[in-house]
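Asker: I'd like to go over a predicted model; first the sequence, then the structure.
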Amino acid sequence: AESSLISFGSHCVTHENMLLLSKEEVAEELAESKRYLEQVLDKPVDTIAYPFGLYSREILDLAEQTGYK
């Protein structure tokens, strides 16, 4: 985590297809993953790779509200 050549991003907690989750479940996946990684790495995590590469406009909005770029 100390290297400037490596970056860390979120991939959610359970690796579920987020299109099949409720808005509340998506929000929890995004927030918990971010919180955990930031705690472990002791640095901000603001990028995400959506499981299966699947997302919607609503999921993008939730991710932005959670602090992802």
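Answerer: Perfect, I can see it now.
Asker: When you work out contacts or count neighbours from here on, use the C-alpha atoms and nothing else.
Answerer: Will do.
Asker: Just to be sure, Ser33 is in a helix?
Answerer: Yes: under DSSP: H, G, I helix; E, B strand; the rest coil, Ser33 falls within a helix.
Asker: pLDDT score for it?
Answerer: Each residue has a pLDDT score; the one for Ser33 is 97.
Asker: Report how many residues lie close to it.
Answerer: Close neighbours of Ser33, defined as other Cα atoms under 10 Å, add up to 19.
Asker: Ok, Ala31 next?
Answerer: Neighbourhood size, Ala31 [other Cα under 10 Å]: 20.
Asker: so what's it up against?
Answerer: Taking Cα atoms under 8 Å, 6 or more residues apart in numbering, we find Ala31 in contact with Thr66.
Asker: Okay, it and Leu54: tell me how far apart.
Answerer: According to Cα to Cα, to the nearest Å, Ala31 stands 18 Å off from Leu54.
Asker: same question, His11
Answerer: Distance, His11 to Leu54, by Cα to Cα: 12 Å.
Asker: Comparing those two, which residue is more hemmed in?
Answerer: His11 (18 against 12).
Asker: Tell me, how many residues neighbour the closest residue in space to the more buried one that isn't next to it in sequence?
Answerer: Excluding its sequence neighbours, the residue lying closest to His11 (Cα to Cα, 6 or more residues apart in numbering) is Ala49, at 5.2 Å. By other Cα under 10 Å, 12 other residues sit near Ala49.
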